[in-house]
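[1] dropping the sequence and predicted coords here.
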Amino acid sequence: MKKQLGVIFGSRSCEREVAIISAVQMMRHADPEQYDVIPVYLDENGGWYTGDALKDIRSYQPFRPGSAGITKVFLDMTPGSGALLAVEKGKGLFGRTELKAVARVDVFVIVMHGMNGEDGTLQGMLELANIPYTSAGVGASALGMDKILMKQFFRGGSLPVLPSEWYTRSAFEKNADTVMADVEEKLGYPVYTKPANLGSSIGVSRAENREELREALSLAFEYDRRVLVEKGLTNPIELNCSVLGYDDDVEASPIEMPITSEKFLDFHEKYLASGGSKGMASLHRILPAPIEDTLRIRIQEISKRIFRMMDCKGVVRIDYMFDRESEEIYITEINTIPGSLAFYLWENAGVPYRKLIDRMVAMAERAHQDRNQANYAFSSDILKGVTFGAKGSKGAKGSKR
C-alpha cells in the first residue's frame, strides 16, 4: 500500500515563493510507486489548501483559492489522525454544513523556508497531532531560525563564528547614532546586517561606512525587531555542506562553492539570476569545491558535530565563510530546511533525489517511533486529597510551603 505523503509548504513568510519552488520541485521527484503525494499549501494569510492543481507551478501565478482542483482544508488535531478536513456546505435552504475528510496523511514532508514553518511552530503542531514529519524538531528548528540565538549556541559549543553584536529596533529608533557607534567600536567595517529571523538573504546588507550602515540597519529592521550585525571579511570564499541523518546515523555531503558576481550571495543571486523556477539547484557553483582535503574534512566534521549537537534529522545545509588571508573557516548559519532540500549536493554523492526523499521519510518515521516510545504514563499521588475552598481562592487545602 502506498504511503500518503503530505508535502506542506508556503505559509506567512517572506520566503513563501522560495518554498513553493522547492516543494513543486520535490513533488515531481517523489516515487509514484511508493507515495500518493498530497500537496498542502499554506497561503500568505495562513489558510490551508490541498488539491492536485497545487502540483503545478502555474497555480501560484497568482494563487486563486477558489480555482478548480483546490480545496480549503484544516488539519484534524486528534493525535494520530492525519486527516485533512474540509467544510462542506449543505445543499438547499436547510442543508446542513458537514465536515468531510479530504485526505489522510501518513507522513508530512515539510518544505517551509522562514518564519511560521521552518522555525519550530509547525513542527510543534505536528508533534501535538502525533504525525511523523521530516525536518529538524522543535528546538533545533527554533534555534536554527534565530541567527542571534544560533550564534550564541555555536560560541557555547566552541565552534568557529565571526564576531557579532545584536540590536533591537527600539534601540535604533531611540538613538541610531549610539547603535552605529557601538558597531564601529566593537566590530569596525565592513559588517553585515541580518534580520534575526529570516533566510534566503532577505534584508541582508553589507556596510562599508556609517552611511551604508544606517541604510542597512533601517532595511533589516523592516523585517525583524532584532538584527544581527556581523563582522565582514574582505574577500571570503563561500562553502556549503549538507548533512543527512538521524540519531547516530549521520553523513556529510560533498562541499559546494557558490559562484556569485556580488560581494555576498544575495536573494537575487540565489533564486533569480540563474533561473528562479529551479531554486537553489540552478545557482552557479563548483561542486565539489576545489579545496584541500584537510579543509574539506574539517568542514564535514564540524557539520556533523553541529547536526548532532542540535539533534537534527533529515537534511540540513550548513554555510561557511573561508577567509583567504587567515585561512580560517567560520560558520555562517544552519538551514534546517535548505532550499531545494539540498538534493543537488546529494546527487553529487551518488544519492538520487528520489532516494533522498525515501531516506527522509524513513528518518521521519523512525523519529516518530522513538518519540512514541517515551513513557508518558508516569503518575503519582499528587492529585489525591487535593481540595479547594468553596471559591477556589485559597489553593490546596492544608498545603504549606
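    Thanks, I have the structure now.
[2] which SS state does the residue most central in space within the chain fall under?
    What sits nearest the mean C-alpha location of the chain, by C-alpha atoms, centre = their mean, is residue 118, with 2.9 Å. At residue 118 the chain is in coil, as set by DSSP: H, G, I helix; E, B strand; the rest coil.
[3] that one contacts residue 145, doesn't it?
    Yes. With contact defined as C-beta atoms under 8 Å, residue 118 counts as touching residue 145 (5.8 Å). Every C-beta, even on glycine, is put in place using the N, C-alpha and C of the backbone.
[4] quick one, what contacts the residue nearest to the centre of the chain?
    Counting by C-beta atoms under 8 Å, 6 or more residues apart in numbering, residue 118 touches 13, 110, 112, 135, 141, 144-145, 199, 336-337.
[5] let's have those residues in CSV, adding neighbour count.
    Below are the contacts of residue 118 laid out as CSV (neighbours: other C-beta atoms under 10 Å):
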residue, neighbour count
13, 24
110, 27
112, 28
135, 30
141, 25
144, 27
145, 25
199, 29
336, 31
337, 30
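[6] neighbours around residue 79, how many?
    Counted by other C-beta atoms under 10 Å, the residues lying close to residue 79 total 12.
[7] now it: closest residue in space that isn't a chain neighbour?
    Distances taken as C-beta to C-beta, 6 or more residues apart in numbering put residue 130 closest to residue 79, at 3.9 Å, once the chain neighbours are dropped.
[8] same question for residue 80.
    The spatially closest residue to residue 80, leaving aside those adjacent along the chain, is residue 130, at 4.9 Å (C-beta to C-beta, 6+ apart).
[9] ok, now residue 290?
    Nearest to residue 290 is residue 257, by C-beta to C-beta, 6+ apart, at 7.1 Å.
[10] tell me what the helix or strand hosting that neighbour is packed against?
    Using DSSP states H and E, residue 257 falls within strand 249-258. Secondary-structure packing of strand 249-258 (3 or more C-beta pairs under 8 Å, 6 or more residues apart in numbering; DSSP states H and E): strand 237-246, strand 285-286, helix 293-309, helix 343-348.
[11] could you rerun that using 10 Å?
    strand 237-246, strand 285-286, helix 293-309, strand 313-322, helix 343-348, helix 353-373 (3 or more C-beta pairs under 10 Å, 6 or more residues apart in numbering; DSSP states H and E).
[12] tell me which residues in that strand are buried?
    Within strand 249-258, the residues scored as buried using 16 or more other C-beta atoms under 10 Å are 250, 252-258.
[13] now it: mean pLDDT?
    Strand 249-258 comes out with an average pLDDT of 97.
[14] send the alpha carbons of that strand over as CSV?
    Coordinates of each C-alpha in strand 249-258 appear next as CSV, following Å, rounded to 0.1, in the frame of the first residue of the first chain:
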residue,chain,number,x,y,z
ASP,A,249,23.4,7.7,11.6
VAL,A,250,24.8,10.9,10.2
GLU,A,251,26.8,11.6,7.0
ALA,A,252,28.1,14.8,5.3
SER,A,253,27.7,15.6,1.6
PRO,A,254,30.4,16.9,-0.8
ILE,A,255,31.1,20.6,-0.4
GLU,A,256,29.9,23.2,-2.9
MET,A,257,31.4,26.6,-3.7
PRO,A,258,28.7,29.0,-4.9
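[15] partners of it in the sheet?
    If you go by DSSP bridges, strand 249-258 pairs up with strand 237-246 (antiparallel), strand 285-286 (antiparallel).
[16] what residues does the last one touch?
    Where contact means C-beta atoms under 10 Å, 6 or more residues apart in numbering, the residues beyond strand 285-286 that reach it are 238-240, 255-260, 274, 344-345, 348.
[17] ok, 7 Å please
    Here strand 285-286 makes contact (C-beta atoms under 7 Å, 6 or more residues apart in numbering) with 256-259.
[18] nearest to residue 302, of the residues you listed?
    Checking the contacts of strand 285-286 against residue 302 by C-beta to C-beta gives residue 256 as the nearest, at 15.6 Å.
[19] which element is the nearest residue to residue 135 once chain neighbours are set aside on?
    In this structure, residue 135 finds its nearest non-sequential neighbour in residue 110, 4.4 Å apart by C-beta to C-beta, 6+ apart. Here residue 110 sits within strand 107-111, counting by DSSP H and E.
[20] quick one: that strand to strand 313-322, angle?
    For strand 107-111 against strand 313-322, the angle by axes from the mean of the first three to the mean of the last three C-alpha atoms, to 10 degrees is 20 degrees.
[21] renumber starting at 17 from here on
    Happy to do that; since the first residue is 17 now, the last one works out to strand 123-127.
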